[in-house]
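> got a sequence here, can you build the structure:
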Amino acid sequence: MANYIHTGEKPGSGVYACTNCGTDVNLGRDDKMPPCPKCTNTNFTKVQ
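Numbers count the residues shown, from 1 in each chain. Purely as a prediction, here's the structure:
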């Protein structure tokens with residue numbers, strides 16, 4: 001079962017993939033998860 005990260009959360013440093021279109025979002029330690037820049041989806045999974 002996947003752990004989903006949602007827009008507005010601070011999941012920590014890493015690369016997160018949009019669950020809708022697969023676009024990668026790179027976050028720093030204190031960054032908040034934005035909506036997907038490509039499709040505006042709000043759910044992500046951690047890639048790295």
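> okay, now the unreliable bits of this protein?
Applying pLDDT under 70 to the chain picks out residues 1-2.
> for it, what spans make up the strands?
Counting by DSSP state E, residue ranges of the strands within the chain are 5-6, 14-18, 24-27, 43-46.
> which one of those lies closest to Pro37?
Nearest of those to Pro37, taken as C-beta to C-beta: strand 24-27 at 7.2 Å. Every residue, glycine included, has its C-beta placed from N, CA and C.
> just the CA trace of the closest one, in PDB.
Below are the C-alpha coordinates for strand 24-27, written out as PDB (Å, rounded to 0.1, in the frame of the first residue of the first chain):
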ATOM      1  CA  ASP A  24       8.500  14.600 -10.600                       C
ATOM      2  CA  VAL A  25       8.600  17.300  -8.000                       C
ATOM      3  CA  ASN A  26      11.900  17.900  -6.100                       C
ATOM      4  CA  LEU A  27      11.500  19.200  -2.600                       C
END
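> what strands line up against that strand, and which way round?
Based on DSSP bridges, the pairing partners of strand 24-27 within the sheet are strand 14-18 (antiparallel).
> neighbours of Gly28, how many?
By the criterion of other C-beta atoms under 10 Å, Gly28 has 9 neighbours.
> now do the one 3 residues further on
Neighbour count of Asp31, defined by other C-beta under 10 Å: 14.
> repeat that for the one 4 residues further on.
The burial count assigned to Pro35 is 16, neighbours taken as other C-beta under 10 Å.
> same question, Ile5
Around Ile5 there are 22 other residues, counting by other C-beta under 10 Å.
> OK, contacts around Ile5?
Counting by C-beta atoms under 8 Å, 6 or more residues apart in numbering, Ile5 makes contact with 11, 16, 33, 43-46.
> and which of the residues you listed is nearest Asn26?
Tyr16 (8.0 Å).
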